[in-house]
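Enquirer: kindly generate the corresponding structure for this input.
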Amino acid sequence: KSTDSGLKTLNSKAVGRLLAAGGIYNGNIEGFRGTAEKLGGDAPAGYQQVMDNKGLLIAGASIAAGLTMGRMRYPELEGLEHFGARGAYTSRPFDPDKAGGPIEHLTTEGVNITHEGIAIVEKHISRFDPGNEFMVSRLKKIANGNLLPEQVDLNYYTPECREYQRYCNLGWETGRPADNQEAYDLWNNTHTSTLEDYRITGNDLYHPDAPSW
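Expert: Got it, this is the predicted structure:
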C-alpha cells in the first residue's frame, strides 16, 4: 500500500505542474515534458494544465522577475506529499491553490543583485507598510559594489522578487485588496509558498542588524 501511495505521489498532477514550472524556468520545456510522460499517471495532465492555462502568464512575469530568482534545481519529487495546507519547511498554514503558482525548487545560487531587481523589490514592497528600508539599503550598496552580499541578502532579494511574481499571477501587479482579511490571505498564501520555494523560514530573510518592528 505504501508503494502504491508513493507512486501516486510521483505521477500526480501536482508533480506534473511542478515539472512544467521547471521547464519554463530552466528553458527546457520539452525535456521536462518528457520526464512527466515517463512518470505517467496524472503527471502529463498536470504538466499540460500549466502549459494551457498558466504557461504564458508565468513566462511573461518571469521576463523581469524570473531572472532575479535563481534557477530551479531538478525537482525533489520525494517531498511533495508534504505540500498542502501546511508548509513543509515553514509549518505555516496556507492555501496552495491561491498562491499564484505551484511550489517549485528554487535556489539563490548564482544570483546577482542588480538595480533592475531592486526596482522589482521596491515595487513589490511599496504595497506594504514601511519596514524594509534597511534591507533595501543593503541591496543598493551591494549593487553599487560597496558591500559584499551575505546569504541573508540573497534570501531577502530573491524571495521578494518571487513573491512579486506570485502577486502578478493573481492579478495584483500593484496594490492589494481593500479588505484586510483578503489582503492578509493574499500575502500569507504567496509569502508562505515563496518561503517553501526556497526551503527557508521568515527568520532567514532579514539581517541580524535589521531593526525589529
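Enquirer: any figure for the gap between Lys98 and Tyr164?
Expert: Here the criterion is Cβ to Cβ, to the nearest Å. By it, Lys98 lies 16 Å from Tyr164. Any C-beta I mention is one placed from the backbone N, CA and C, and that applies to glycine too.
Enquirer: compare neighbour counts for these two and give me the winner.
Expert: Under the neighbour definition other Cβ atoms under 10 Å, Lys98 and Tyr164 were set side by side, and Tyr164 has more, 27 against 14.
Enquirer: so which helix or strand takes in that one?
Expert: When secondary structure is defined by DSSP states H and E, Tyr164 falls within helix 151-169.
Enquirer: over to Leu195?
Expert: Per DSSP H and E: helix 180-198 holds Leu195.
Enquirer: so what touches that helix?
Expert: By Cβ atoms under 8 Å, 6 or more residues apart in numbering, the residues outside helix 180-198 that reach it are 83, 87-90, 92-96, 98-101, 103-108, 128, 155, 158-159, 162-163, 166-167, 170, 172, 176-177, 201-202.
Enquirer: can you give me the helices in the chain?
Expert: Using DSSP state H, the helices of the chain run over 2-10, 13-26, 29-39, 43-53, 55-62, 115-125, 133-143, 151-169, 180-198.
Enquirer: low-confidence bits of the chain, can you list those?
Expert: Low-confidence regions of the chain, defined here as pLDDT under 70, cover residues 1-12, 15-29, 32, 50-85, 213.
Enquirer: domains for it, by residue range?
Expert: Recorded structural domains for the chain (assignment: automatic domain parsing) are 1-53, 55-213.
Enquirer: which among the contacts of helix 180-198 count as buried?
Expert: 83, 87, 89-90, 92, 94, 96, 99-101, 103-108, 155, 158-159, 162-163, 166-167, 170, 172 (16 or more other Cβ atoms under 10 Å).
Enquirer: list the buried residues in the helix holding Leu195.
Expert: Taking 16+ other Cβ under 10 Å as the basis for neighbour counts, the residues of helix 180-198 that come out buried are 183, 186-198.
Enquirer: what about Ala143, neighbour count?
Expert: Burial of Ala143 is recorded as 18 neighbouring residues (other Cβ under 10 Å).
Enquirer: same deal with Tyr156?
Expert: Every residue meeting other Cβ under 10 Å relative to Tyr156 is counted, giving 25.
Enquirer: repeat for Asp179
Expert: One way to gauge burial is a neighbour count; for Asp179, by other Cβ under 10 Å, it gives 10.
Enquirer: any idea how far Thr158 lies from Thr114?
Expert: Taken as Cβ to Cβ, the spacing of Thr158 relative to Thr114 amounts to 12 Å.
Enquirer: can you put the buried residues of helix 180-198 in JSON lines and add distance to Ala43?
Expert: Rendered in JSON lines, the data for these read as follows (distance: Cβ to Cβ, whole Å):
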{"residue": "Ala183", "distance to Ala43": "35"}
{"residue": "Leu186", "distance to Ala43": "29"}
{"residue": "Trp187", "distance to Ala43": "31"}
{"residue": "Asn188", "distance to Ala43": "29"}
{"residue": "Asn189", "distance to Ala43": "24"}
{"residue": "Thr190", "distance to Ala43": "25"}
{"residue": "His191", "distance to Ala43": "28"}
{"residue": "Thr192", "distance to Ala43": "24"}
{"residue": "Ser193", "distance to Ala43": "20"}
{"residue": "Thr194", "distance to Ala43": "24"}
{"residue": "Leu195", "distance to Ala43": "25"}
{"residue": "Glu196", "distance to Ala43": "20"}
{"residue": "Asp197", "distance to Ala43": "20"}
{"residue": "Tyr198", "distance to Ala43": "24"}
